[in-house]
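S.K.: Any chance you can model this:
(one chain, ligands or ions: 1)
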Amino acid sequence: MAVEDIVIVGGGLAGATAAKTLRTEGFPGRIVVLSAEVHHPYLRPPLSKEYLLGKAGDDALPVVPPEWYADNDVELRLGVPVTELDPAARTVGLGDGSRLDYASLLLATGARPRSIPLPGSGLKGVSTFRTLDDSRRLRSSLADGGRNVVMVGSGWIGMELAAAASSYGNTVTLLGLEEVPLGAAIGPELGGFFRSLHEANGVRFRLPASAAEITGNAGRVTGVRTDAGEILAAELVVIAVGVVPEVSLAEAAGVPLRNGILTDASLRTGTPGIFAAGDVANALHPFTGEHHRSEHWSNALNGGKVAAKSMLGQDAMLDTIPYFYTDQFDVSMEYSGFPTLISGPPTIRGSLDEKVFIAFWQREGRVVAGMSVNWPRSGKPQKMIKALIAARTAVSPQALADSSVPLDQILPEA
Ligand code: FAD
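M.R.: Modelled structure (predicted):
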């Protein structure tokens, strides 16, 4: 390979976006994208929402059209895991026994579902959830309805899967370690909002509770025994207890790690020539001066762009305000901000009962995060929330709560 060649490990949103950005920025050299998966790089958010519900098809998933890679002279090798990384020689070893040299390398290896040592987790009908194949399998199991489904895990994925499973007419029970679902992410009041939404749609909760054992018969799951001794009947169990960053390659190669691959704001790792982006990267954020590892779509998208520009020697930083969204039943939620900066409960504008509101979190008077639920898009709630965060100016909770004060008039005049 020539000295300018770039190798990207991981064919997810971060890896594919980096390849696309390299070309749009005019990089003329060789680009190789190596993906352990057999599918063209795809978006994961629809997998637990509209794709699982059958409201979106395969055409909604590609990061870029499949023909884009050949059209733009990008070598996409599917089903080829990278098994070894030698930073001193600047080479990677592939699962098919071959080796590749690189001038710059992007580690965009994402994350994998956390596994828990649970008796019975190998039974048929028990799964984790991350990939297109997981979504296709679950959709065909759920689509006819009438099944008993147990979700283990009360985070975003567990809640989205519970909503989809219930929408198909299955009986869904969700268990988790928290007092309220999503409590760790958005606190008890708003976690309670999502719990009520689910209960109104028939989802049952066992909280706090942990799964002690998955029971089975003839190799198939029959139920889940909770730590309280209750047996919940189940023909399907999904374990959705979070993810762990996929660092095995980086770790074996001695790339510095801390809760993922540690990078600076330009997504450079501590190893020369190696960059990291997406779920796997724990990047320094210029806004907080702290490292953040985000497991969200916008971070993979923006990180892929920034890593590509950094690899080209441009002055790029991942300095966008973190953003994510979820759709559950008739609720569309968007969130921007820095959860680690939150101190205290949120201020609510609008009405939880009517399912139209914005929650603002503050720290020393400054808005540090905001979540809009079913708020009219014409009001540009996320744009306003981001502007309030970026202003780093203390604002009054009364003005935040008062719907008669337009969002763009909350900031004091400079
Ligand atoms: P990944 O998408 O995990 O891609 C990494 C790729 O690298 C994988 O294909 C993996 O197989 C491959 N790989 C790993 N190791 C190797 C290796 N050694 N060699 C070759 N290839 C390798 N975010 C939101 O903001 N909103 C949402 O609503 C939302 N919903 C989600 C729903 C689901 C079901 C899931 C799973 C995630 C969701 N997310 C959501 C999170 C978002 O999808 C992720 O943050 C994003 O996919 C991360 O992209 P990535 O490229 O960093 O990693």
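S.K.: going forward, measure contacts and count neighbours with C-alpha atoms only.
M.R.: OK.
S.K.: need the contact list for Ala359.
M.R.: 346-349, 370-372 (C-alpha atoms under 8 Å, 6 or more residues apart in numbering).
S.K.: okay, those residues in CSV with secondary structure and distance to the ligand next?
M.R.: Listed next are those as CSV, based on DSSP: H, G, I helix; E, B strand; the rest coil; distance: C-alpha to the nearest ligand atom, whole Å:
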residue, secondary structure, distance to the ligand
Pro346, coil, 21
Thr347, strand, 23
Ile348, strand, 22
Arg349, strand, 23
Gly370, strand, 15
Met371, strand, 13
Ser372, strand, 14
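S.K.: with the residues you listed in mind, which one is nearest to Glu37?
M.R.: In terms of C-alpha to C-alpha, no member of the contacts of Ala359 lies closer to Glu37 than Met371, at 33.5 Å.
S.K.: For the closest one, name its beta-bridge partners.
M.R.: Tyr335, Ala359 (DSSP bridges).
S.K.: ok, it - how many residues close by?
M.R.: Neighbour count for Met371, taken as other C-alpha atoms under 10 Å: 25.
S.K.: switch to numbering from 455
M.R.: Okay, using 455 as the starting number, the last item reads as Met825.
S.K.: Over to the spatially closest residue to Asp598 that is not a sequence neighbour: give its phi and psi.
M.R.: With C-alpha to C-alpha, 6 or more residues apart in numbering as the measure, Tyr622 is the residue that lies nearest to Asp598, at 7.0 Å, once sequence neighbours are left out. Here is the backbone geometry of Tyr622 (degrees, to the nearest 10): phi -80, psi 0.
S.K.: ok, now which ones touch Tyr622?
M.R.: Tyr622 makes contacts with 507, 596-599, as judged by C-alpha under 8 Å, 6+ apart.
S.K.: ok, so of the residues you listed, who is nearest Leu865?
M.R.: Leu507 (40.7 Å).
S.K.: wait, what's in contact with the closest one?
M.R.: Contacts of Leu507 by C-alpha under 8 Å, 6+ apart are 593, 618, 622.
S.K.: what about Ala542, neighbour count?
M.R.: Neighbour tally, Ala542, other C-alpha under 10 Å: 10.
S.K.: Quick check: buried residues in the strand or helix carrying Gly469?
M.R.: Per DSSP states H and E, Gly469 falls inside helix 467-478. Going by neighbour count (16 or more other C-alpha atoms under 10 Å), the buried part of helix 467-478 is 467-477.
S.K.: Ok, stretch 857-864 next?
M.R.: For stretch 857-864, by 16+ other C-alpha under 10 Å, it's 861, 864.
S.K.: Would you agree Asn753 is in contact with Ser790?
M.R.: No - counting by C-alpha atoms under 8 Å, Asn753 stays clear of Ser790, with 11.5 Å between them.
S.K.: what is in contact with those two at once?
M.R.: Residues touching both Asn753 and Ser790 by C-alpha under 8 Å, 6+ apart: 776-777.
S.K.: What residues does the stretch 605-754 of the chain have near the ligand?
M.R.: 732-733, 749-752, 754 (C-alpha under 6 Å from any ligand atom).
S.K.: Residues touching stretch 473-488, excluding its own?
M.R.: Against stretch 473-488 from outside (C-alpha under 8 Å, 6+ apart): 458-465, 469-470, 526-536, 758-759, 762-763, 766.
S.K.: Need the three-state assignment for Val859.
M.R.: coil (DSSP: H, G, I helix; E, B strand; the rest coil).
S.K.: where's the nearest residue to it once chain neighbours are set aside, which helix or strand?
M.R.: Ranked by C-alpha to C-alpha, 6+ apart and with sequence neighbours excluded, the top spatial neighbour of Val859 is Ala853, at 6.3 Å. Ala853 belongs to helix 851-855 when elements are defined using DSSP H and E.
S.K.: What residues of that helix count as buried?
M.R.: 851, 853-855.
S.K.: List just the nearest of those residues to the ligand.
M.R.: Leu854 (24.9 Å; C-alpha to the nearest ligand atom).
S.K.: Tabulate the residues of the stretch 605-754 of the chain next to the ligand in a markdown table, adding columns for secondary structure.
M.R.: Shown next, in a markdown table, are these (three-state DSSP):
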| residue | secondary structure |
| --- | --- |
| Gly732 | helix |
| Asp733 | helix |
| Glu749 | coil |
| His750 | coil |
| Trp751 | helix |
| Ser752 | helix |
| Ala754 | helix |
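S.K.: farthest pair in these?
M.R.: Once C-alpha to C-alpha is applied, these give Asp733 and Ser752 as the farthest pair, at 10.3 Å.
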